[in-house]
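Q: I'll drop the sequence and a predicted model, then ask my questions.
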Amino acid sequence: MAQFESIQDPSHSSELIELYNDILQNGFGADSPINWFASQAIRPDILESTWLLTKRILIGGELPPTLKQMIALTISKNNNCRYCTKTHTGALEALGVSKEIIESCVLDPDLRQLPLQHREVLKFAIKAAKDPNGLDKEDYQELKNNGMSQKEIMEVIMMAAFTNFINTWADASGIETD
């Protein structure tokens with residue numbers, strides 16, 4: 001059950017109109033932003049901050065969008081976040097990722113359907129999300145051995161932290177799936 005009002009119509013606030021236009025232009029909704037954003041609209045200042053974070057971590061950067069969505073999906077499933085699991089599954093489908101890859105992210109803890117580099121990235125990301133103090137130099141070296149730069153590894157860690165953040169909001173706020 002949703003704990004916060006989801007504002008679909010921003011017409012009462014020029015600040016919300018601007019934010020909503022930016023969110024929609026970046027693909028996070030059709031006529032109004034997805035519920036993850038609309039549920040934050042009672043606090044435009046917070047929405048503005050979370051939108052900027054989303055733009056910088058999920059949309060921008062060096063990692064391919066499909067890999068970022070796989071990280072978000074796999075961690076969301078591991079965190080049992082219903083909303084984010086559904087949302088990131090939909091994002092991967094929209095990006096043209098095969099059903100087998102998506103199912104592997106959701107159902108297979110060994111991620112067998114994924115290419116080796118993606119499998120290693122996802123395992124690292126899951127560990128970063130669940131046990132960041134457990135990451136050791138071998139975990140980092142494995143990613144470096146698979147051709148990842150320091151900037152890309154940093155982005156994987158940021159995606160893990162970001163996914164924990166979005167999962168917490170989605171679950172604690174009780175937002176409905178779009």
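A: It's in. The structure presented is a predicted model; accordingly, all values stated were derived computationally and were not measured.
Q: ok, now which ones touch residue 91?
A: By C-beta atoms under 8 Å, 6 or more residues apart in numbering, the contact list for residue 91 reads 69, 72, 73. C-beta coordinates here come from the backbone N, C-alpha and C atoms, glycine included.
Q: closest to residue 113 among the residues you listed?
A: Of all the contacts of residue 91, residue 113 sits closest to residue 73, with 13.1 Å by C-beta to C-beta.
Q: can you name the element that comes right after the helix or strand hosting residue 85?
A: Here residue 85 sits within helix 82-94, counting by DSSP states H and E. Once the chain leaves helix 82-94, the next helix or strand it forms, by DSSP H and E, is helix 99-107.
Q: how far does that next one sit from its chain's centre?
A: Relative to its chain's centre, helix 99-107 lies at 16 Å (C-alpha atoms, centre = their mean, to the nearest Å).
Q: please enumerate the helices of this structure.
A: In the chain, the segments counted as helices under DSSP state H are 14-25, 35-38, 44-54, 65-78, 82-94, 99-107, 116-130, 137-145, 150-173.
Q: out of those, nearest to residue 1?
A: With C-beta to C-beta as the measure, helix 150-173 is the member of the helices of the chain nearest residue 1 (9.9 Å).
Q: perfect, that will be all.
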